[in-house]
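Asker: Predicted structure and sequence below. I'll ask about it afterward.
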Amino acid sequence: MSPLSRREFLAAGVAAGAGLVIGFYLPHGSGNTKDTFTPNAYLKIAPDGKITIVVARSEMGQGVRTSLPMILAEELEADWKQITIEQAGASTLYGDQSTGGSASVRTTWDPMRKAGAAAREMLISAAAAEWGVARLSCKAENSTVVHAASNRRLTYGQLASKASGQPVPTDVPLKQSKDYQIVGKPVPRLDTPSKVDGTAEFGIDFRLPGMKYAVLARCPVIGGKVAGFDDKDSKKISGVGYVGKIVDSAVAVVADSVWSAMEGRRTLNVQWDEGPNKDLNSAAIFESLKKSASNKAVALYSAGDVSKASGRRMESEYQLPLMAHAAMEPGNCTAHFRGSNCELWAPTQVPQDVRDSVAQAIGLDPDQVKVNVTLMGGGFGRRLEHDYGVEAALVSKAVNAPVKVLWTREDDMRNSTYRPASYHKLSAVLDGQGWPLAFTHRIVAPSISGQKGQPTPNGVDPDLPDEAALIYSIPAATVEYVMAETPVPLGWMRSVYALQAGFASESFIDELAAAAKKDPLEYRLHLLAKDEDIKYFDTVWHTARMRGVLQLAAEKAGWGKTLPAGHYQGIACFGCFGTYMAEVVEMSPDEDRPYIHRVVAAMDCGQVVNPNILEQQIKGGVIYALTNALRAHITIDKGRVVQGNFDDYAPIRMNEAPLIEAYSVPSTEAPTGAGEPPVPPLAPALCNAIFAATKKRIRALPILS
């Protein structure tokens, strides 16, 4: 069920010049007072027929600047060729504008449909009034309203002004999926031409007249501060105009060019107070996680009584490292402080949070801060943070000029937030045939939200309800969580806890299948054989849908058929963000590393808005997950992040990328997440294939550590 299906929809219309503007409101937050309801999106139809759809989510490659307009345009009965998009900046008009959690489509599906349908009905009413005919005798099609009996038609542009005076309907008929003309079709992305011809503007591209450039010297030790600095050599560099402490842990060097700023920082002499974490290392982090495993756990899911099961007992431990987001575009933001207001141009996933943090940092009210959202060269959760925006605003205020703050790759790698490390204890009790009678998964990890001071109700990180479900029918099962602590700054990274939970649980399921001497696919299908609804927090998971993606992936991968000599397959499935995902990895051992030939991925994410974009999401997720599985890890030594660039945090190269086949299960269910679900099954499927080839079980990532 879409989260929004439980929310009230209110429509409101407002005239804008001679055009038509349709806004709609959604409740925001947990309260039901009017203060928590804010407009979420707008549709503008100009007299010349131009249709503008405002996109209130951030585009970081996932296609929202195309998929979200498609939803509204479908119900509007619009001519897609007339659609243009407008990117919304931070505003109180749009509800929560955060782009993350694979939520853009799933949380705007119903509101966007209703906004388009409300506008359509107002346009039809306007045409009927213009002609003096019964409203039911008119219909909308292709950005026009048609009266078939008299063969008359009016364009939406011609009707825009009159439609503005029509009452806004609150209960509008929505189209059935069988009648879709835009949704479900491989519509070309609206942002592709600008990316091809170079006119697309990413954050790092943005320029202002008279703009300065800044880089920051940040304390290399986690939690350290500036003790003092000597800038005499920095100020000898041509173009350097300002050197100053901006925050407790950083000194800014501002210059007329990027090169001068970087040279100024290179010659800057900073004395650091390394603080309490100067001796922190990765070994201590993992030891702390293992110790925390004996602490009291909170049950995330429970069925039956695991303590009463008797039979063959199996136990395993898994661990995953700290990881960096490693987006291709490093951190950056442009700010112009003008005294009574400040304007930013930011590649951000959270424009409202950036606005609020900047306002607090520079002593303004939020409505005095304007945040313009640019394109992003990847986000993966890193741009859910606000540090780049706050830095840019503080530096601009210090020098009283527009400033672009730029992070180098090393800055981005060593002064970031990180996907938390985790430790997993799993156990199962098997009957005489090897089927599980009981299953326990204890997840030990720090809470990202908790570290940031956000609520963790009943000791549960608020992301776990979306990211750690068990979708198997086992008589007695428990998934539980122990909240650990760490001084390492944490951040949400693509699939967050789902990547960790999926690797541990799906690898362990494979262990159980091997112990039972059963085929890994058949073992999983047996656990999913009964059609069952499994309630996990607010989500109800359906075993039949998971069974469907497993069967589809296996069929397309030729599971059980003869493979080329030396090739082996592994399989895994997982559910997160409301979506069911299964993957088969085909690999062969190549000296001390696996050579991945092929990945077959199958997804059930409900109604597919744009199959081309979905295919891109799946393939991109697989590549991202391969990097995570093979090499990605952040290590800490003497309180410092060791890795600094793509030489020691190496992504998948083109010559390593396998053939990827992406499939989706046809569905008319409301859309669910698509960007993150492809990530969790990859690592266990790969490690399960390695076990098939070598009989060696990998229980810690990365594989090539």
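Answerer: The structure has been received and is ready for your questions.
Asker: Next up, the contacts around Asn679.
Answerer: Quick fix: residue 679 reads Val, not Asn. Applying Cβ atoms under 8 Å, 6 or more residues apart in numbering, one finds that Val679 lies in contact with Arg494, Ser495, Ala498, Leu499, Gly621, Tyr624, Ala625, Asn628. Yep, even glycine has a C-beta here, placed from its N, CA and C like the rest.
Asker: Gly578 versus Asn612, what's the distance?
Answerer: 21 Å (Cβ to Cβ, to the nearest Å).
Asker: of these two, who's got more company?
Answerer: Between Asn612 and Gly578, counting by other Cβ atoms under 10 Å, Gly578 is the more crowded of the two (26 against 15).
Asker: ok, now how distant is the more buried one from Arg545?
Answerer: The span separating Gly578 from Arg545 equals 10 Å under the rule Cβ to Cβ.
Asker: Does Ser307 belong to a helix, a strand or coil?
Answerer: In three-state terms, and counting by DSSP: H, G, I helix; E, B strand; the rest coil, Ser307 is helix.
Asker: and what of Ala632?
Answerer: For Ala632, the secondary structure call by three-state DSSP comes out as coil.
Asker: what's the neighbour count on the nearest residue to it once chain neighbours are set aside?
Answerer: Here the nearest residue to Ala632 in space, its sequence neighbours aside, is Met323; by Cβ to Cβ, 6 or more residues apart in numbering that works out to 5.1 Å. For Met323, the neighbour count with other Cβ under 10 Å is 23.
Asker: Check Glu315 too.
Answerer: One way to gauge burial is a neighbour count; for Glu315, by other Cβ under 10 Å, it gives 11.
Asker: And for Ala346?
Answerer: Neighbour tally, Ala346, other Cβ under 10 Å: 30.
Asker: how near is it to Phe380?
Answerer: 16 Å.
Asker: Next: Leu300.
Answerer: Here the distance between Leu300 and Phe380 works out to 25 Å (Cβ to Cβ).
Asker: likewise Val254?
Answerer: When Cβ to Cβ is the yardstick, Val254 and Phe380 sit 29 Å from each other.
Asker: do the same with Pro678
Answerer: When Cβ to Cβ is applied, the distance between Pro678 and Phe380 equals 13 Å.
Asker: Please apply the same query to Lys114.
Answerer: Separation of Lys114 from Phe380 (Cβ to Cβ): 31 Å.
Asker: neighbour count winner among Pro678 and Phe380?
Answerer: A direct count of neighbours by other Cβ under 10 Å for Pro678 and Phe380 places Pro678 higher, at 30 against 26.
Asker: For my notes, confirm Asp411 occurs in a helix.
Answerer: Yes - membership of Asp411 in a helix is supported by three-state DSSP.
Asker: okay, now it: neighbour count?
Answerer: Asp411: 20 surrounding residues under other Cβ under 10 Å.
Asker: Verify the stated contact: it with Asp387.
Answerer: No - the criterion here is Cβ atoms under 8 Å, and Asp411 misses it with Asp387 at 10.6 Å.
Asker: Surely Ser125 is within a helix?
Answerer: Yes - read with three-state DSSP, Ser125 is one of the residues of a helix.
Asker: So which residues of the stretch 301-450 of the chain form helices?
Answerer: In the stretch 301-450 of the chain, the helices defined using DSSP state H, counting those that start in this stretch lie at 351-362, 387-399, 409-414, 448-451.
Asker: okay, which residue is most central for the protein?
Answerer: Compute the mean C-alpha point of the chain, and by Cα atoms, centre = their mean the closest residue is Gly100, 3.7 Å away.
Asker: ok, Asp110 touching Val172?
Answerer: No - taking contact to mean Cβ under 8 Å, the distance of 11.4 Å between Asp110 and Val172 leaves them out of contact.
Asker: For the stretch 151-300 of the chain, just list every one of the helices.
Answerer: Taking DSSP H, counting those that start in this stretch to define them, one finds helices in the stretch 151-300 of the chain at 156-163, 192-197, 258-266, 282-292.
Asker: Can you list the helices and strands that the shortest one packs against?
Answerer: Contacting helix 192-197 under the criterion 3 or more Cβ pairs under 8 Å, 6 or more residues apart in numbering; DSSP states H and E is no other helix or strand.
Asker: Identify each buried residue in it, please.
Answerer: Of the residues in helix 192-197, none is buried by neighbour count under the rule 16 or more other Cβ atoms under 10 Å.
Asker: sorry, back to before: name the stretch among the helices of the stretch 301-450 of the chain that sits most buried.
Answerer: When you average the neighbours per residue for each of those (mean count of other Cβ atoms under 10 Å), helix 387-399 leads with a mean of 25.
Asker: And the contacts of that helix?
Answerer: Helix 387-399 is contacted by residues 212, 214, 216, 241-242, 244, 246-247, 250, 252, 254, 331-337, 342, 344, 346, 348, 354, 357-358, 361-362, 369, 371, 402-405, 407 when judged by Cβ under 8 Å, 6+ apart.
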